[in-house]
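In: curious how this folds, go ahead:
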Amino acid sequence: MSGDEVFSRLHEKLGGDLVDYSVDDLAAFDRYLSLTDHQRVRESVLRIAAHLTPRDALAKHNGEALVSGQFDEEDEPYEMIIEYLEQDFDLEKPLAKSLGQNLGRLWDDWDESSRSISYSDTIKKKLLKEQSNRCENCNVRIGSENNSKSFENRDKYKPIHEYSQKQTAPELDHIEPLSHFGDNSLDNFQVLCRFCNQGKGNKKSVDIVDQVELATSPIEDIDRAHRRRIFFAVTADTEECARCGDMRKELTIRKENPLGCYIVSNLQPVCVECVYG
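Out: Numbering: from 1, shown residues only. Below you'll find the predicted structure:
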């Protein structure tokens, strides 16, 4: 059984509640932690890990005071986890030790990956070079609004001209936000223009209720922040122009069906060359 299959079975058992696992379940989870890259399912892994970690172990890891009196204050967090697994989950010593050590490493990795970074300018410069000095989402050239046809043509669908702050300024973005269990590893960073980064916020989607309320309004009357969120939701999963297929040109968006509503499902990314020539 593959690591992903093992985890899927464990997660299905977990459901929405914290439950007790059998020895076989925990042995499978131990193998999963040892062998599988679990970034993709990190939130669910952490839910299970928190269930298997005593409060004092996590407190010691976070530099907080122990409260239960059940553990030696000189013990490392992973040693407390091992003792907890043996006593409360009736695990044999070898499995408790292996799983405890893996959980200890998981918490260390979580702490390291969530720590704030002090070298963001260096990362930004490196990524801008790799991205040919363009926004990773909409392909606008970073830094100068004079190079943006959306700005030049006062594009209502991409209203970067309506902001006093320069919307083509570079901003370092977490591809998977920290609030969604993303981390500070280099491969979780990209550079977006301010317009796209602010449109993204902490999620790609726009609430359907918000969309419907404004779906029939003249676009110039819709709040620019809402248009910015809509723009990112439409362009987030593709760099390709829906009309010509080019993946290198600056993107804006347009209605797929001109008679339809101003909602994400009726909008598509279109390059500025196709719109403005």
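
In: spit out the contact partners of Arg248.
Out: Asn139 (Cβ atoms under 8 Å, 6 or more residues apart in numbering). Every C-beta, even on glycine, is put in place using the N, C-alpha and C of the backbone.

In: tell me which element it is part of?
Out: In this structure, Arg248 sits in neither a helix nor a strand according to DSSP states H and E.

In: how near is it to Cys271?
Out: Between Arg248 and Cys271 the computed distance is 9 Å (Cβ to Cβ, to the nearest Å).

In: what's the overlap in contacts for the two?
Out: With Cβ under 8 Å, 6+ apart as the test, Arg248 and Cys271 both reach Asn139.

In: can you pull out the strands in the stretch 151-277 of the chain?
Out: Assigned by DSSP state E, counting those that start in this stretch, the strands in the stretch 151-277 of the chain fall at 170-174, 189-193, 251-255, 267-271.

In: closest one to Gln131 among these?
Out: Closest approach to Gln131 among the strands of the stretch 151-277 of the chain (Cβ to Cβ): strand 189-193, 5.9 Å.

In: who does the closest one pair up with?
Out: strand 170-174 (antiparallel) (DSSP bridges).

In: now the partner strand: mean pLDDT?
Out: For strand 170-174, mean pLDDT rounds to 92.

In: gap between that strand and the chain center?
Out: 13 Å (Cα atoms, centre = their mean, to the nearest Å).

In: who's in contact with that strand?
Out: 120, 123-124, 127-128, 136, 142-143, 182, 184, 188-194, 197-198, 200.

In: from these, keep the buried residues only.
Out: Among those, those classed as buried by 16 or more other Cβ atoms under 10 Å are 123-124, 127-128, 136, 142, 182, 184, 188-194, 197-198, 200.

In: now intersect those residues with the helices, please.
Out: 123-124, 127-128, 194, 197-198, 200 (DSSP state H).

In: contacts only, for the spatially most central residue of the chain.
Out: Centroid-nearest residue in the chain, with Cα atoms, centre = their mean: Glu176, separated by 1.6 Å. By Cβ under 8 Å, 6+ apart, the contact list for Glu176 reads 182-183, 188.

In: let's see that with 7 Å instead.
Out: If a contact means Cβ atoms under 7 Å, 6 or more residues apart in numbering, then Glu176 has 182, 188 as its contacts.

In: distance of it relative to Asp183?
Out: Taking Cβ to Cβ, one finds Glu176 at 8 Å from Asp183.

In: distance from the strand or helix carrying Ser98 to the middle of the chain?
Out: Using DSSP H and E, Ser98 sits in helix 93-114. Distance, stretch centre to chain centre, for helix 93-114: 23 Å (Cα atoms, centre = their mean).

In: for it, name the packing helices and strands.
Out: On a contact count with 3 or more Cβ pairs under 7 Å, 6 or more residues apart in numbering; DSSP states H and E, helix 93-114 meets helix 23-35, helix 77-88.
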